[in-house]
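Chemist: Okay, here's the prediction I keep looking at, along with the sequence it came from:
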Amino acid sequence: MPFIPHTEPDVREMLAAIGVEAIDELFDEIAPELRTGQLDAIPEGLPEMAVTRLMHERARAEGDMLCMTGAGAYPHHIPQAIWQLVGRGEYYSAYTPYQAEASQGTLQVTYEFQSMMAALTATEVANASLYDGASALGEATLMAVRANRKAKSKRILLPRSVHPRYRAVAGTVVGNQGLELVELPLDVETGRTPLESVDSAGAEGAAAVVVPQPNFPGCLEDVDALVDRAHAAGALVIAVVNPTSLALLRPPGEWGERGADIVVGEGQPLGIPLSAGGPYFGFLCTRKAMARQMPGRVVGRTVDTQGRTGYVMTLRAREQDIRRSKATSNICTNQGLMVTAATLYMALMGAEGLERVARHSHAGAVALRAALAELDGVEPVFDGPLFHEFAVRLDGPPVAEVLDGLAARGILGGFALEPDYPELGNSLLLCTTELHTEADRAAYVKALRELVAG
Amino acid sequence: MSEVPNDLKYTREHEWVRSEDDGTCVIGITDHAQAELGDLVFVEPPEVGTSFGAGDAVAVVESVKAASDIYAPVAGEIVEANDSLADSPELINSDPYGEGWIYRLRPESPDDLADLLDADAYQEFVEADSD
Amino acid sequence: MGLHETGKVIFDYGREGRAAGAQLPPPAPEPSDLPDTLRRRGRPALPEVSELQAVRHYTRLSQKNFSIDTNFYPLGSCTMKHNPRACNALAMLPQFLGRHPLAPPGAGQGFLACMHELQEILAEVTGMRRVSLAPAAGAQGEFAGVSMIRAYHDARGDHERTEILVPDAAHGTNPASAVMCGYRVRELPTDRNGDVDLDALRAAVGPQTAGIMLTNPSTVGVFERHISEIATIVHDAGGLLYYDGANLNAILGKVRPGDMGFDVIHLNLHKTFSTPHGGGGPGAGPVGVRETLLPYLPIPIVTHEGGRYRWLEEADCPHSIGRMTAFAGNAGVLLRAYVYIRMLGQEGMVRVGEYSTLNANYLMHRLQAEGFELAFPRRRASHEFIVTLKREHDAYGGTAMDFAKRMLDYGVHAPTMYFPLLVPECLLIEPTETETREEIDAFVDILVAIREEASRDPEILHEAPHTLPVRRLDEVRAAKELHLRWSPETG
């Protein structure tokens, strides 16, 4: 029997010990009319070798494309050591570290992760993960409302330049809690959030202003000015950042006079495969003074009865299993194993490695934008500084058709912006990372030239 | 058995209330409550100057295994919070009726205090609750 | 020096200029086009270590964990069963790992085919009309489920329903999720046999009732026998029934939530369908609904039309409660569950319910025969049951916590302690179907031995664990000092 070790004598003797004749008797408290009949839609079980064949067939049906699409999920090199270690049973098959003495591995890894994330974002504390970057933004808005007691409203200013899916998820998360998400416009000339919109949209009395860096269309916001305006109006600042970019860009803890108050983002670029969208992990960092308003688990350092260093989950009274309906969030299961992978990634990369990854990604995008600008019928939508993504507008065939054409040439060719940003017209969001070679970029330029020129 | 001083009034939420000569009253949590919560690690004080209705949550005390709201026993305005709890929340464990006081309130109507439990009634309430 | 005594963090191994050379990309020039005001000034304090140093450090740390792969792990309500290796290996085939979440359906149909079949199979085994795989964990499934209940009432213009009923013994996520959906929570008492108190339920329902959240088998380890009556009472009041799938393992293939009268459910694939817990996650919390709630399912959902698979998104599902995560939930976890289900098949699935129940009832009877006190001695165990150590506590002074910590010394992970709160000094024990009878017998021997130690010298328990990398840790100090990160200045 798959995964069940019982022999016939085992079952016989166990039933005798219980004092019943058959396993079915153990279900005799359940009304007979509730009992399940045939489960016809479920196929017969397969041995491991048959499932292996099946899954290899399914995998082959996936194809293998050159991925130039980012839009929230980025292909990076993942050192082999990471997933070999993450796959160790001691990490893979452990539960949440409720028994601290028997979970020092997971707890210390989490503590190291928190340390690395705090260093990367230049903040004081990090939590032990949320589901992904988008749900982390939703949780951050709720946290800001709790933390900003002086605010006269539950209003959050949310720039249009934030990832459209993040805005959608934040809307789902907070929709029934009376928060008001007010959209800040996108300046179609600069690709940035207009500074004056922070005031005109009502930062005064708002709980928080969200500031993305880099923003979704690939531009770099004037973060210092945005943060200072928000703070001057009494609002907190929620930064949404790409962790790789922080090797090059100013960390949110240092934005403006006082820095961002809450920092969230998608952890996937830190050693997590694209994997069709998950599992990834969301990170959330903040000031120590606001730690009690954080959602999710946190690990702290302490000592045992012999004075030896050890680690425990702490600030537990915020969590749902203790605080129930008054918890800071309902989150229980998080993305722990992904945090283990990210910790290994940051340990192996170090500041030097992360900086090289960021520089290559950036340089590739700058070069590709310049090369595409040379093509007839293709123009960069914005000309300001970027990190590793940028938008181009196509003069001629609709982006959807061009993407199909690129796919036929084995290229996942970008993200169509028009459905979410009609004001940007027939345009495409592209990404490069350290994985893309000059030949990859040349192949992309060639394919796009053929498709746009017809 | 936990200590229940005779000169105080009590609530069913395990707060004690001491009326002062200046018309204000001082509020903390009972010896029984601190023992149930265990070692306190954090106190979120009420905001001075704010007015609350009877039964409103005004502060929070937190141990490693529980967090508990502290309620206003009667309607009134917060006039003082015990600042030393910020660094030493354990004062509530070591001296719940003295150094571990949590806040001072000016009742809207001092007559409301008459509705609170006296020491005997509170003691009875605790014993009934633990059955 | 022993394995566990290094006490170092990864940062301690670093030296300036050291790096995992082969893993890094080649050096790259300083970018010239980024304005100074946007540039990072100093480097972040990340480790500077070699590949070997990192591998050794994290291998050693792993050895400080208990896990299913290394220890019996009878953690009640968590279903710590074997995580088959094939599920991991096959979900990590390079083509699946390389699939970008925004890849169009034409880029590959293999992954979508797996997801579609998984939706269908989960719907069948739970008796639901349709399933969405979007929620990333059980709590997010609860949030999605209660949001759908709200969307249903709102769509009918029924805005008076402001309350969700939750049993007092429910998991904390239930009330927390209901509040995140904008509801007030009203608790229902549990009767002395472990069932919901029906009189209290009748008194609690009314025009303000949006629904009830139930776990069945319940969090006290027994099957809720009045489930059909509960369904009638709540439905008659106009409310809906939410099924928390945390304990589905006990009845998999034996009873379906849909047949019990539930309108909406979530499943914990990291429990019932054997995906790993990963030291805290990731999980997956698919939701299933009856016909009435179909329009509100979270997106995306895979559909199969004209021989092609594709995602249903906003435009296809205008009444959906929306997105749970940026993309398609924890896809890699869903693939693992799919592989597991294909290996089990319909017969294997029924056996999960049967043998998890057999193991729990056997262990319960053996402990009772050894003189341990059961919280509900007149009931069958589900896949788990509660022992109360109140008697041992009164006699010897050893608490449930002391017993639990001493079990670690014997190489067994402790059961869930002090949950549910309504049973004093309790342990919630769930052996799961993948454990052998020998392992269960050995666990009984361990509990008997610990009780004997308690009677002889309770200090042995009180100071346990004795053999782990650390002894009991000072949680009060951790919460007061809040040392939450290493830093180069302070260590």
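Modeler: Sure, I can see it.
Chemist: secondary structure element for B:Val79?
Modeler: Using DSSP states H and E, B:Val79 maps to strand B:76-81.
Chemist: Quickly check: that strand near chain A or not.
Modeler: No. Figure legend: strand B:76-81 not in contact with chain A (CB under 8 Å from any CB of the partner chain); closest approach 13.9 Å. No exception for glycine: its C-beta is placed from N, CA and C like everyone else's.
Chemist: Which parts of the stretch 151-300 of chain A are strands?
Modeler: A:155-159, A:180-184, A:208-213, A:236-241, A:262-266, A:282-286, A:299-303 (DSSP state E, counting those that start in this stretch).
Chemist: Might you report the residue contacts of residue 403?
Modeler: All of this is about chain A. A:Leu403 sits next to A:Gly413, A:Gly414, A:Ala416, A:Leu428, C:Pro104 when contact means CB atoms under 8 Å, 6 or more residues apart in numbering or on different chains.
Chemist: that's the wrong chain, I wanted chain C
Modeler: Taking CB under 8 Å, 6+ apart, we find C:Phe403 in contact with C:Leu389, C:Glu392, C:Ala414, C:Leu427, C:Leu447, C:Ile450, C:Arg451, C:Ala454, C:Leu461.
Chemist: Need the pLDDT of it.
Modeler: Each residue has a pLDDT score; the one for C:Phe403 is 97.
Chemist: wait, is it part of a strand?
Modeler: No. Counting by DSSP: H, G, I helix; E, B strand; the rest coil, C:Phe403 is not part of a strand but helix.
Chemist: re the thing from before, any chance of the strands of the stretch 151-300 of chain A in JSON lines, plus mean neighbour count, distance to chain B and mean pLDDT?
Modeler: Listed next are the strands of the stretch 151-300 of chain A as JSON lines, based on neighbours: other CB atoms under 10 Å in any protein chain shown; distance: least, CB to the nearest CB, whole Å; pLDDT from 0 to 100:
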{"stretch": "strand A:155-159", "mean neighbour count": "25", "distance to chain B": "21", "mean pLDDT": "97"}
{"stretch": "strand A:180-184", "mean neighbour count": "16", "distance to chain B": "24", "mean pLDDT": "97"}
{"stretch": "strand A:208-213", "mean neighbour count": "28", "distance to chain B": "20", "mean pLDDT": "98"}
{"stretch": "strand A:236-241", "mean neighbour count": "28", "distance to chain B": "18", "mean pLDDT": "98"}
{"stretch": "strand A:262-266", "mean neighbour count": "30", "distance to chain B": "19", "mean pLDDT": "98"}
{"stretch": "strand A:282-286", "mean neighbour count": "29", "distance to chain B": "16", "mean pLDDT": "98"}
{"stretch": "strand A:299-303", "mean neighbour count": "23", "distance to chain B": "11", "mean pLDDT": "97"}
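Chemist: and chain C, which of those is closest to it?
Modeler: strand A:299-303 (3.8 Å; CB to the nearest CB).
Chemist: What helices and strands are in contact with the closest one?
Modeler: helix A:104-121, strand A:309-313, helix C:475-481 (3 or more CB pairs under 8 Å, 6 or more residues apart in numbering or on different chains; DSSP states H and E).
Chemist: sorry, back to before: need the strands of the stretch 151-300 of chain A in JSON lines with distance to C:Thr59, can you?
Modeler: Shown next, in JSON lines, are these (distance: least, CB to CB, whole Å):
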{"stretch": "strand A:155-159", "distance to C:Thr59": "43"}
{"stretch": "strand A:180-184", "distance to C:Thr59": "45"}
{"stretch": "strand A:208-213", "distance to C:Thr59": "36"}
{"stretch": "strand A:236-241", "distance to C:Thr59": "31"}
{"stretch": "strand A:262-266", "distance to C:Thr59": "28"}
{"stretch": "strand A:282-286", "distance to C:Thr59": "25"}
{"stretch": "strand A:299-303", "distance to C:Thr59": "20"}
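Chemist: Mind checking what helix or strand follows the host helix or strand of C:Tyr362 in sequence?
Modeler: Counting by DSSP H and E, the element that carries C:Tyr362 is helix C:331-369. Next along the chain after helix C:331-369, taking DSSP H and E as the criterion, comes strand C:373-374.
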